[in-house]
Each structure stands twice: as C-alpha cells, then as structure tokens.
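*Asks:* Here's my sequence, what's the structure:
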Amino acid sequence: MNWNKWIRQIHRWLAIVFTVTVVVTFVALAQEDPVVWVSYLPLLPLALLMFTGLYLFVLPYAARWRVVRGR
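*Replies:* Numbers count the residues shown, from 1 in each chain. Next up is the predicted model:
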C-alpha cells in the first residue's frame, strides 16, 4: 500500500477509537462519583484525526497543484 492508503486506513481506525473513547467517557462521567481525568481521554485520538484529516483534505489540491506545475 502507498502512503495515501495507509493514512486513509489509519484515519478510519482512529475514528472508531475516538467514538469508543467518547462512549466510555460518557459512561464514566455518568457514574455517581465521576473521575474527571477520563474526560481528557478522547483528545489524543481527536488530535490524530485532525492531522490525518487535514492530510486527506489537502491531497486533491496537492495533486492538482503538481499537474499544473508540471506543464
């Protein structure tokens, strides 16, 4: 697989991890005596999702830029 496919696959798995951590956070904070640090749990997958998402967002523009520049 090339880089683009790897990044896309990582982005998909990160989305699943992020969703699971959000659900776990909701359940943990719904307890009688919630642990506050659990609310920070989804931030790491969210940050990684942001970087992979930005990369995937820029891909079509970069490809177009390379085609135009190659003329």
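*Asks:* use CA for all of it now, contacts and neighbours both
*Replies:* Noted.
*Asks:* and the one helix or strand residue 24 maps to, what does it pack onto?
*Replies:* Using DSSP states H and E, residue 24 maps to helix 3-29. Contacts defined by 3 or more Cα pairs under 8 Å, 6 or more residues apart in numbering; DSSP states H and E place helix 3-29 against helix 43-69.
*Asks:* by contact count, what packs against the helix it packs on?
*Replies:* Under the contact criterion of 3+ Cα pairs under 8 Å, 6+ apart, helix 43-69 touches helix 3-29.
*Asks:* what residues are up against the spatially most central residue of the chain?
*Replies:* Residue closest to the mean C-alpha point of the chain, counted by Cα atoms, centre = their mean, is residue 49 at 1.4 Å. Listed by Cα atoms under 8 Å, 6 or more residues apart in numbering, the contact partners of residue 49 are 11, 14-15.
*Asks:* Which of the residues in the helix holding residue 24 are classified as buried?
*Replies:* Under the neighbour-count criterion of 16 or more other Cα atoms under 10 Å, helix 3-29 has 7, 11, 14-15, 17-18, 21-22, 24-25, 28-29 buried.
*Asks:* Which one of the residues you listed is nearest to residue 68?
*Replies:* Comparing the buried residues of helix 3-29 against residue 68 with Cα to Cα places residue 7 closest, at 24.6 Å.
*Asks:* hey, which helix or strand in the protein has the poorest pLDDT?
*Replies:* One helix or strand of the chain scores below all others by mean pLDDT, DSSP states H and E: helix 43-69, with a mean of 90.
*Asks:* circling back to that earlier point, can you convert the buried residues of helix 3-29 into CSV and add a column each for pLDDT?
*Replies:* Conversion of these to CSV gives the following (pLDDT from 0 to 100):
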residue, pLDDT
7, 94
11, 97
14, 97
15, 98
17, 97
18, 98
21, 97
22, 97
24, 95
25, 96
28, 94
29, 93
